[in-house]
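Enquirer: Everything below, folded, please.
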Amino acid sequence: MPSRSHLDKFGRKKKKKWTDEAMERALIEVKSGRCTVRQAAKEFGVPKSSLGDRVSGRVAPGSRSGPAQLIPSADEELLVEFSLYMSKHGFPLTKQQLVSFASSIYKRQHRRVAFSKLGQTWWLNFRKRQEKNITIQPADNVVRGRTVCVRKEAVDQFFHLLSTILDGHGLRDKPRQIFNCNELGFQLGRKRVSLPKSASLGYKPAPGSRDHISVLACFNAAGEDIPPFIIYSNAYPGGVCYKTQGPPSALYGWSDSGWINSDLFRKWFLKHFLVHAPKERPLLLIFDGHKSPVNLEVVESARKEDVILLCLPPQCSHILQPLDVGLFVVLKQRFASLIGEGCASDTHFAVSKKEFSGVFKSTYQIAQEEEGVQIVKDGFRKCGIYPVNHFTISETHLMPLHSISAAAGPAMSTAAPGGHMVGELTAAGPSS
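Expert: The predicted model follows:
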């Protein structure tokens, strides 16, 4: 792979020193017969050979110099707009994520190509072309690891963004249009079922011998649900009884880890959430997206369907995730009681992958009852999401910025004036 210094040196050597306007004027003069190719090239300061190519027709007028652009300009503008949208809604893209999204655009244009040609050279050229629109920020490594407290500045920024969105879209008094989705995991063993803490979207546990099942739940601030999405590890159970015994209208899927991934999230959003969500618009969907279950197609569909995606700050699920704070605690207790876990006799019955959906149906029933609806509403209230109340978050959970050691990684570039300090890769232009 060529080094950055090598590419910069190559770029300086090959830099175009003439403008398209000058070439167009020179071409007009030659075609009118007022100048020869040599005279026009000298007068307008353009290369004689390049002008001659356009006069003879070997190169079409208006063609860009250099190798063909891998992604058309219109699609590149879409990529910049996508980056701007993501950074404005709490999903700042890393370099790897942006190249991945660019590769998906490339493959969409070249369906027969197995691998994308986009790599380091494309990235450096993209940065140079879009230096007025994209700014690179240093990586803040402190948000990568587990911390006892979360940054006060991150929480303040989230509530500011939340208030801006609710006021800008008239959602402050519309609880049926404010949703939270989150994932709850279950490990299946031979004699018992252990229920770990609920996981953020995209979390990948360490590989183990036990079957793993997770459930993606989604509720609005009025306590109404989108039917759950049950995700099995490795493969579906045999037969169809797991579907007939499960919660009504539930969606089913599987992944290698038993957790949601980008493809499953796309399936859930496009074929389940949009189908079961209220018809009123806009809708606000709040979730932890820092494990990147979101792809370009989801964002495009969300904007088309007037659904606002809002990402929670990293490591804040225990204070800002309404389902974590409320309903999931009750679901764990209900599931444990159904399988006999925690009883004095210490007797448990084994739950297989086939039987899980039936047991979970009985567990999930509480969400449809008055008690469960109130628990969901209380979760939104305790997190300060609805009604919006920043002061519900206890100061004991917050860590001021000055108390965090300097753990940030090296900056990829200097932040441009006006850039939004929200992550590694942000858009520098105005919000669209």
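
Enquirer: What are the contacting residues of stretch 25-41?
Expert: 43, 44, 46, 47, 48, 51, 52, 54, 55, 61 (C-beta atoms under 8 Å, 6 or more residues apart in numbering). Backbone N, C-alpha and C define where each C-beta goes, glycine included.

Enquirer: Tell me which residue lies nearest the centroid of the chain.
Expert: Central residue of the chain (C-alpha atoms, centre = their mean): residue 294, 3.6 Å from the mean position.

Enquirer: Phi first, then psi, for that one.
Expert: With angles defined as degrees, to the nearest 10, residue 294 sits at phi -90, psi 130.

Enquirer: Now that we have the contacts of stretch 25-41, which of them are buried?
Expert: Burial by neighbour count, judged by 16 or more other C-beta atoms under 10 Å, picks out 44, 46, 51, 52, 54, 55 from the contacts of stretch 25-41.

Enquirer: need those residues in a markdown table with distance to residue 234 and pLDDT, can you?
Expert: Shown next, in a markdown table, are these (distance: C-beta to C-beta, whole Å; pLDDT from 0 to 100):
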| residue | distance to residue 234 | pLDDT |
| --- | --- | --- |
| 44 | 67 | 91 |
| 46 | 63 | 91 |
| 51 | 63 | 89 |
| 52 | 64 | 90 |
| 54 | 60 | 88 |
| 55 | 65 | 89 |
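
Enquirer: Surely the residue nearest to the centre of the chain and residue 91 touch.
Expert: Yes: contact criterion C-beta atoms under 8 Å: residue 294 and residue 91 qualify, at 6.5 Å.

Enquirer: Overlap in contacts, the two.
Expert: Both residue 294 and residue 91 are in contact with residue 309, where contact means C-beta under 8 Å, 6+ apart.

Enquirer: Strands of the stretch 1-150 of the chain, residue ranges please.
Expert: Ranges of strands in the stretch 1-150 of the chain, per DSSP state E, counting those that start in this stretch, are 134-136, 150-151.

Enquirer: ok, of those strands, where does mean pLDDT dip lowest?
Expert: Note on those: strand 150-151 shows the lowest mean pLDDT, a mean of 67.

Enquirer: What's the first helix or strand after that strand?
Expert: helix 152-168 (DSSP states H and E).

Enquirer: related to what we said a few turns ago, between the strands of the stretch 1-150 of the chain, which one is nearest to residue 214?
Expert: Across these, residue 214 has its closest neighbour in strand 150-151 (23.7 Å, C-beta to C-beta).

Enquirer: May I have stretch 279-287 as PDB, with CA atoms only?
Expert: Extracted as PDB, the C-alpha positions of stretch 279-287 are listed here (Å, rounded to 0.1, in the frame of the first residue of the first chain):
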ATOM      1  CA  LYS A 279     -48.900   5.900  10.600                       C
ATOM      2  CA  GLU A 280     -48.400   9.300  12.200                       C
ATOM      3  CA  ARG A 281     -45.100  11.000  11.200                       C
ATOM      4  CA  PRO A 282     -42.500  11.900  12.100                       C
ATOM      5  CA  LEU A 283     -41.300   9.100  14.400                       C
ATOM      6  CA  LEU A 284     -38.300   9.200  16.600                       C
ATOM      7  CA  LEU A 285     -36.300   6.000  17.200                       C
ATOM      8  CA  ILE A 286     -33.700   6.100  20.000                       C
ATOM      9  CA  PHE A 287     -31.200   3.200  20.400                       C
END
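
Enquirer: How about it, which residues are buried there?
Expert: Using 16+ other C-beta under 10 Å as the test for burial, stretch 279-287 gives 282, 283, 284, 285, 286, 287.

Enquirer: Now for the first one: which residues touch it?
Expert: Going back to what we said before, that points to residue 282. So residue 282 contacts 169, 171, 177, 306, 307, 308 (C-beta under 8 Å, 6+ apart).

Enquirer: Pretty sure the fifth one sits against residue 286.
Expert: The reference is to residue 307. No: applying C-beta under 8 Å, one finds residue 307 not in contact with residue 286, separated by 11.3 Å.

Enquirer: ok, back up a step: want to throw the buried residues of stretch 279-287 into JSON lines with secondary structure and pLDDT?
Expert: JSON lines is the format used below for those (DSSP: H, G, I helix; E, B strand; the rest coil; pLDDT from 0 to 100):
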{"residue": "282", "secondary structure": "coil", "pLDDT": "97"}
{"residue": "283", "secondary structure": "strand", "pLDDT": "98"}
{"residue": "284", "secondary structure": "strand", "pLDDT": "97"}
{"residue": "285", "secondary structure": "strand", "pLDDT": "97"}
{"residue": "286", "secondary structure": "strand", "pLDDT": "96"}
{"residue": "287", "secondary structure": "strand", "pLDDT": "93"}
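
Enquirer: closest to residue 241 among the residues you listed?
Expert: When the buried residues of stretch 279-287 are compared against residue 241 (criterion: C-beta to C-beta), the nearest one is residue 287, at 30.7 Å.

Enquirer: Bridged to that closest one, which residues?
Expert: Per DSSP bridges, the residues bridged to residue 287 are residue 311.

Enquirer: What are the neighbouring residues in contact with it?
Expert: Residue 287 sits in contact with 180, 181, 182, 201, 309, 310, 311, 312, where contact means C-beta under 8 Å, 6+ apart.

Enquirer: Relative to residue 391, how far out is residue 309?
Expert: Distance of residue 309 to residue 391, computed by C-beta to C-beta, to the nearest Å: 26 Å.

Enquirer: for residue 125, same thing?
Expert: 48 Å.

Enquirer: More neighbours: these two, which one.
Expert: residue 125 (16 against 8; other C-beta atoms under 10 Å).

Enquirer: Look up how far residue 119 lies from that one.
Expert: According to C-beta to C-beta, residue 125 and residue 119 sit 11 Å apart.

Enquirer: all strands of the stretch 151-300 of the chain, in order?
Expert: Assigned by DSSP E, counting those that start in this stretch, the strands in the stretch 151-300 of the chain fall at 178-188, 193-194, 211-220, 225-233, 251-255, 283-287.
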